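# structure here, sequence nowhere to be found:
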């Protein structure tokens, strides 16, 4: 079976949109832009009811030195992990508000804001985005257009 699942990783992270622009990171072996966030760790389970939110806040602090306020959940997804056969990542996204200034963590290679509409419409032809970025931003725009966020 080609699509055999060998491992599932749960990751949580914020989707921060300010003035129509989304904040994205580039780090690790990946050469594409992605939302802040990362793997849910054992320490996040200290508050079982809020562990996904706690992981989201921890990752924002670790990667970009920021405190956040979670507004609401956005589209969850499961995607194959790049360069890892049989490994899938369950991505839990939260729309969040940034509460402090950015101070990049040591493992962040780059940080940039992008126009949400242009990302969704594939207008950044020289940039590559993680496979979850466009679908999640589309779900954000649907909520915004309905006046829900």
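Sure, I can see it. Remember, predicted model here, so these are calculated numbers, not experimental data.

# list the contacts of the residue nearest to the spatial centre of the chain.
Nearest to the mean C-alpha position of the chain, counting by CA atoms, centre = their mean, stands residue 35 at 3.1 Å. Residues counted as contacts of residue 35 (CB atoms under 8 Å, 6 or more residues apart in numbering) are 13-15, 22, 24-25, 93, 130, 132-133, 136. C-betas here are computed from N, CA, C, even on glycine.

# how does it look with 7 Å?
By CB atoms under 7 Å, 6 or more residues apart in numbering, the residues touching residue 35 are 13-15, 24, 93, 133.

# check which helix or strand covers residue 135.
Remark: residue 135 resides in helix 133-145, with elements defined by DSSP states H and E.

# quickly note the distance from the residue nearest to the centre of the chain to residue 6.
Residue 35 sits 24 Å away from residue 6 when distances are taken as CB to CB, to the nearest Å.

# residue 148 too?
Taking CB to CB as the measure, residue 148 and residue 6 are separated by 38 Å.

# now residue 142
Distance from residue 142 to residue 6, counting by CB to CB: 34 Å.

# higher neighbour count, those two?
Each of residue 142 and residue 6 had its neighbours counted (other CB atoms under 10 Å), and the higher figure belongs to residue 142 (13 against 9).

# and the gap between that one and residue 109?
Here the distance between residue 142 and residue 109 works out to 31 Å (CB to CB).

# likewise residue 23?
Plainly put, residue 23 is 15 Å away from residue 109 if you go by CB to CB.
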